[in-house]
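Asks: Any chance you could fold what I've pasted below:
(one chain, ligands or ions: 1)
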Amino acid sequence: MNKSLRKAVIAGNWKMNKTPSETTALINEMKPLVANADCDVVVCVPYVDLQAALDATKGSNIKVGAENCHWGKSGAFTGEISTQMLTEMGVEYVIIGHSERRTYFGETNVTVQKRVRAALDAGLKVILCVGEYLEQREQGVTFEVVSEQTKIALGGVSKDELKNIIIAYEPVWAIGTGKTATAEQANEVNHAIREVIAKLYDKAAADAFVVQYGGSMNAGNADELLAQEDVDGGLIGGASLKAKDFSEIVKAASK
Ligand code: 13P
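Replies: Numbers count the residues shown, from 1 in each chain. Predicted structure coming up:
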């Protein structure tokens, strides 16, 4: 099956949680629990926690990511962080286009595209988030919304660069609500995203492309979600803040 062509990625998105000292403690607790993972393991943490995360993960199989980046190299952008600042620290991943950025901080498909471009140019691996609001699902336009977000974000991205991008499908109504998409709903949209990739590039690129699911994924529902043909991992919010819960999801992805 095509799924075997892809290595699952389980990434934690800590959002605005944990101080540097709490970061060290949580990662130290996590390390032995995920050491035997047969999937990629990433923790995306607040900017001020990056150094603590990099120090604590040294020599382990846990990779470190940021939760956003700016598209400019430097300049008058108060409060922003450039890709070069991240790569110089040793950060490998960056989340771009999370729905919380789109909803609360004015992120648009166009600014997402600019951030993706800058991240790829800097050699970062991108976790690109797409997903519909509840009203959009109810109106029956989920595929259109997710397809447009995907196409615009990937504008100007070459086939070769795709190896440095994964997409996280995160239905906004499932984030932090405890309301998970059913395994079928997740698989259906993930499959549609893969078809967009196939159309934009080709089938081989689509078969190799990692599409995660995110939205109230936890130790209890991870098995079923991750068993789906088109679900290649997860982007985990709340459950990534508890070492045991996160490691259970990593275990489910390693089966
Ligand atoms: P929850 O797992 O807390 O629903 O958050 C999902 C998410 O937004 C990950 O980016």
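
Asks: so how many other residues sit close to the residue of the stretch 151-255 of the chain found nearest the ligand?
Replies: Closest contact between the stretch 151-255 of the chain and the ligand, by C-beta to the nearest ligand atom, is at Gly237 (2.3 Å). For the C-beta atoms, the positions are set from N, CA and C on the backbone; glycine is no exception. A count of neighbours around Gly237, defined by other C-beta atoms under 10 Å, yields 22.

Asks: was I right about it contacting Met16?
Replies: No: counting by C-beta atoms under 8 Å, Met16 is not a contact partner of Gly237; they are 10.9 Å apart.

Asks: Only the buried residues of stretch 244-255, if you could.
Replies: By neighbour count on 16 or more other C-beta atoms under 10 Å, the buried set for stretch 244-255 is Asp245, Phe246, Ser247, Glu248, Ile249, Val250, Lys251, Ala252, Ala253.

Asks: my guess is the second one is in a helix, correct?
Replies: Yes: residue assignment for Phe246, taken from DSSP: H, G, I helix; E, B strand; the rest coil, places it within a helix.

Asks: what pLDDT does it get?
Replies: For Phe246, the pLDDT comes out at 98.

Asks: Setting aside sequence neighbours, what's the nearest residue to it?
Replies: Nearest non-adjacent residue to Phe246, counting by C-beta to C-beta, 6 or more residues apart in numbering: Ser240, 4.8 Å away.

Asks: before we move on, what about the third one?
Replies: Closest residue to Ser247 in three dimensions, ignoring its sequence neighbours and counting by C-beta to C-beta, 6+ apart: Leu33, at 3.5 Å.

Asks: Moving C-terminal from the helix or strand hosting Leu26, which element do we reach first?
Replies: Here Leu26 is covered by helix 20-34, with elements defined by DSSP states H and E. Following helix 20-34 in sequence order, the next helix or strand is strand 40-44 (DSSP H and E).

Asks: what's the angle between that next one and helix 20-34?
Replies: 170 degrees (axes from the mean of the first three to the mean of the last three C-alpha atoms, to 10 degrees).
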